[in-house]
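Asks: Sequence first, predicted model second:
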Amino acid sequence: MDCPARLSHCVIVLLFLVLFPHLAHGVQIHSAPEGLYVHQMAHVFFAGAMIFLFVYLKKYPLGHDVAWRYISLSLFFFFLWNINALIVHTLEVYLPAGAIIEGTGFWDHRLAPPFTLNKWIYFVTKHDHIWCVPAIFFLFLGARSLYQATKKRLKNEKGEI
Amino acid sequence: MASGIPLLSVYFVDFLGSGLMIFFSLAAMRYTYGLKKLAPKKVLWSYLFWLCMALTIFALSRSIGHILKYVFVFFDHQDTWKKVAPYSGGLNTITFVIVGILTFYYAYIHEIIDLFRNDARDLASTNIRLKEAHMAVRQLNLSLEQKVDEQINSIRAEEKKYRDLFQQSKDFIFFCDEQGRINDVNQSFIDLFNEQKKDLIDRPLSHFFFEETRWQTFQNELFTRGFLKDFRAKFSAADDTPHELLITASSMKDEQGTIRGFNGIGKEVQESAQEAPNEPATCEGRITLSEFSAEIANELEGPLVLITGYTELLEKDVQDREIVKNTLKAVRKQIKSFRQIEEELHETAFHFLEMKPLDVNSCLEEIIDMLEPVLNLDRIFVKRSLFQELPLILANKRRLSKIFFNLINSSRLAVGPGGEVGIWTRHHNDLKEIEIIIGDNGPSVPQELIEVMFDPFPPTKKHWKRGGLWLYASQGMIRAHDGRMTVDSPPEDPELIAAGINVAFHIFIPGIKNA
């Protein structure tokens, strides 16, 4: 098929799509759970990335000083945090209506009985900062150690010169 | 009091944790930014900075979102929080994805860094080699001119040395091309022949030979053996003055072994040397003496033949005159005495031969190898039957080789193309001597000719074909080795008869104990 013939066929198809829009399915409607699914998938992606980098640094270490141990720990805690977040987001979906009693203030908010395993797990995993705070803390320690070590090395190098 | 588990701890941890997240993420980002500033060219620090940046955005978005939630709820703006919450959650999701992408991308960054590192290492190594090569070339350039000068000066010095040797030598030196034309001569050569150099160049060397046969011998031996030592020849100058010369010559060959010419060095034989036959200084001198005596005989050959012939005629004419007849007898007796004197002269020369143990078989093989090209050319087959355990003999190799050479060459000329030459060596243990037989299937020699073959001056020219002076000289030389030489035609030996030999020369020489 030559080029002008192919172009004319394309024009015909485009005209058909424009003139009969009720047949088009290009714009998908995003219903409510999609946001949660995307968020959960993002957590899986994040967790996978953390464990990947953790293993990669074990296999191809960039250094054996304390900074890289801090960074490895940070990656491990971020991985745990993502798993924790996956669980808690999933349990939120399956908690029955009225499982949380909301009072007038924060101190009145309660987890309503009966206390099933899901509710206990939900309660524990809701404290997700016990994972992500150590993760960011170790990242901070690692960055600081690297900075100080690099600064010291450069200073020594300048001193030698 | 309401039942259920209070969620206050959850909110407390969430609020406090969010604050700590904001604090530590900003602090981590500060240090990674510092790292990037310290070493802006280091790719790893840039990567770490961007990873930290994504985590900080995630921490800020999540933590600020969580804190805002408590602020809105506390001030009873829950509706507002419900509107803001999806944006906070969406931003969190985006930061998760960015962190994931950046992390997975790290592996590629790492590989790229390794590639860069390897390239840099190769580049550094190449650079070092390049510098070394540059230094070597620079050094060579600096010393090249000096080295070339040194080489040229060395070559010039060598050339001058040889040129001086060539020009100032009291011996004459010549160079000829493969056709025997003179290429170059030194001053001694020019002085000897008293001609201009330009007149000598391109002239055939053969023109200077007094005798054509000597030139042919010179050329044949030179091209066959590749060299000649102390070759004696008479040269004639432009004014027909004869010069008796002693020449040592070598052929010049190219890489393929093809003869491209020859060169020679020599000197004129002084009269004093010819007058002192009894005081030869060296073996070569004695050989010259031998040849000198042969030359004398050669020169006297014509007159002797004439005198003998006329004497015989006169005897027939004066048979009735007794006095004249007696006188003629006296003349013939004196001729005989003269021949005895000449023979003694030969023996005197031979007396001083340098004798060494010699393996006759090897000597014969060398001669056959030397003559092989010529024999092949004439399609002459050489039958060899050499006794393997032949004892050594005490002999002068040079002279004996010449005898073998002459005998084989004589057979070659006698049989002509397609003929056969036979060579045998035998050991006669009872007589403690060895026998060398050189024969051929050429025409048989009549008995009357055999009787005069060893005569240095045979009566007629036909006797010269297979004998004469050279055979006489050879016989004398064999005698000098305490041996004897005979000829038989046709042979009586059954082995020689079976081989079809018609003329055979037998040489007997005493053997010595094997070393």
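Replies: Now that the structure is in, tell me what you want to look at.

Asks: Tell me how many other residues crowd the residue lying closest to residue B:453 once chain neighbours are set aside.
Replies: The spatially closest residue to residue B:453, leaving aside those adjacent along the chain, is residue B:467, at 3.4 Å (CB to CB, 6 or more residues apart in numbering or on different chains). Backbone N, C-alpha and C define where each C-beta goes, glycine included. The number of residues packed near residue B:467 is 22, by other CB atoms under 10 Å in any protein chain shown.

Asks: Please tell me how far residue A:92 sits from chain B.
Replies: Using CB to the nearest CB, to the nearest Å, residue A:92 is found at 12 Å from chain B.

Asks: Was I right to think that residue contacts residue A:121?
Replies: No. Contact criterion CB atoms under 8 Å: residue A:92 and residue A:121 do not qualify, at 11.4 Å.

Asks: The closest residue to chain B within chain A: neighbouring residues, count only.
Replies: Among all residues of chain A, residue A:129 sits closest to chain B, at 2.6 Å; criterion: CB to the nearest CB. When neighbours are defined as other CB under 10 Å, residue A:129 has 25 of them.

Asks: excluding its backbone neighbours, what's nearest it?
Replies: residue B:17 (2.6 Å).

Asks: So what's the model's average confidence on the helix or strand containing that neighbour?
Replies: Using DSSP states H and E, residue B:17 falls within helix B:8-38. Averaged across helix B:8-38, pLDDT comes to 90.

Asks: which strands and helices sit next to the helix or strand just after that helix?
Replies: Helices and strands here follow DSSP H and E; after helix B:8-38, the next one along the chain is helix B:43-74. Judged by 3 or more CB pairs under 8 Å, 6 or more residues apart in numbering or on different chains; DSSP states H and E, helix B:43-74 is in contact with helix A:129-160, helix B:8-38, helix B:78-168.

Asks: which residues in the stretch 201-350 of chain B form helices?
Replies: For the stretch 201-350 of chain B, the helices defined by DSSP state H, counting those that start in this stretch cover B:212-225, B:271-274, B:283-317, B:322-351.

Asks: can I assume the residue nearest to residue A:129 is in contact with residue A:133?
Replies: Yes. Using CB under 8 Å, residue B:17 is in contact with residue A:133, at 4.9 Å.

Asks: how many other residues sit next to the residue of the stretch 1-150 of chain B at minimum distance from chain A?
Replies: Proximity of the stretch 1-150 of chain B to chain A (CB to the nearest CB) peaks at residue B:17, 2.6 Å away. Other residues near residue B:17 come to 21 when the count uses other CB under 10 Å.

Asks: quick one on the thing from earlier: what secondary structure category should be reported for the residue nearest to residue B:453?
Replies: Using DSSP: H, G, I helix; E, B strand; the rest coil, the structure places residue B:467 in coil.

Asks: which ones are touching the spatially closest residue to residue A:111 that is not a sequence neighbour?
Replies: Of all residues not flanking residue A:111 in the chain, residue B:5 sits nearest, at 4.2 Å (CB to CB, 6+ apart). Neighbouring residues of residue B:5 by CB atoms under 8 Å, 6 or more residues apart in numbering or on different chains: A:110, A:111, A:115, A:119, A:123.

Asks: In a markdown table, list the residues you listed along with pLDDT, neighbour count and secondary structure.
Replies: Shown next, in a markdown table, are the contacts of residue B:5 (pLDDT from 0 to 100; neighbours: other CB atoms under 10 Å in any protein chain shown; DSSP: H, G, I helix; E, B strand; the rest coil):
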| residue | pLDDT | neighbour count | secondary structure |
| --- | --- | --- | --- |
| A:110 | 86 | 18 | strand |
| A:111 | 86 | 20 | strand |
| A:115 | 84 | 12 | coil |
| A:119 | 89 | 20 | helix |
| A:123 | 91 | 17 | helix |
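
Asks: that's a strand at residue B:195, yeah?
Replies: No. Applying three-state DSSP, one finds residue B:195 to be coil, outside a strand.

Asks: show me what contacts the nearest residue to it once chain neighbours are set aside?
Replies: Distance criterion CB to CB, 6+ apart; nearest residue to residue B:195, sequence neighbours excluded, is residue B:238 at 5.5 Å. Residue B:238 makes contacts with B:193, B:194, B:195, as judged by CB under 8 Å, 6+ apart.

Asks: Distance of the second one relative to chain A?
Replies: What that stands for is residue B:194. On the measure of CB to the nearest CB, residue B:194 and chain A end up 88 Å apart.

Asks: Give me the three-state assignment for residue B:487.
Replies: strand.

Asks: Tell me what it is bridged to.
Replies: On the basis of DSSP bridges, residue B:487 is bridged to residue B:505.

Asks: so what's it scoring on pLDDT?
Replies: pLDDT recorded at residue B:487 is 91.

Asks: ditto for residue B:373
Replies: Reported pLDDT at residue B:373 in the predicted model: 80.

Asks: Leaving out chain neighbours, which residue sits closest to it?
Replies: Spatially, and ignoring its direct neighbours in sequence, residue B:373 is nearest to residue B:224 (7.2 Å; CB to CB, 6+ apart).

Asks: quick one on the thing from earlier: the helices and strands packed on helix B:43-74: lowest mean pLDDT?
Replies: Among the helices and strands packed on helix B:43-74, helix B:78-168 scores lowest, with a mean of 85.

Asks: which secondary structure elements does that one contact?
Replies: So helix B:78-168, by 3+ CB pairs under 8 Å, 6+ apart, packs with helix A:33-59, helix B:43-74.

Asks: got any ranges where chain A has weak pLDDT?
Replies: A:1-3, A:17-18, A:20-31, A:105-106, A:159-161 (pLDDT under 70).

Asks: and residue A:57, what does it touch?
Replies: Residues in contact with residue A:57 (CB under 8 Å, 6+ apart) are A:68, A:71, A:72, A:75.

Asks: same check, this time on residue A:62
Replies: Applying CB under 8 Å, 6+ apart, we find residue A:62 in contact with A:68, B:44.

Asks: hmm, 10 Å instead?
Replies: A:56, A:68, A:71, A:146, B:44, B:48, B:110, B:113 (CB atoms under 10 Å, 6 or more residues apart in numbering or on different chains).

Asks: now that we have these, which one has the most neighbours?
Replies: Within the contacts of residue A:62, most neighbours by other CB under 10 Å means residue A:146, with 26 neighbours.

Asks: close enough to count as contact, it and residue B:33?
Replies: No. In this structure, residue A:146 is not within contact of residue B:33 by CB atoms under 10 Å, at 11.9 Å.

Asks: Overlap in contacts, those two.
Replies: When CB under 10 Å, 6+ apart defines a contact, the residues bordering residue A:146 and residue B:33 alike are residue B:45.

Asks: Closest to the centroid, which residue in the chain?
Replies: If you meant another chain, say so; for now it's chain A. Against the mean C-alpha coordinate of chain A, by CA atoms, centre = their mean, the closest residue is residue A:43 at 3.4 Å.

Asks: re earlier: now the helix holding residue B:17, how far from the centre of its chain.
Replies: 89 Å (CA atoms, centre = their mean, to the nearest Å).
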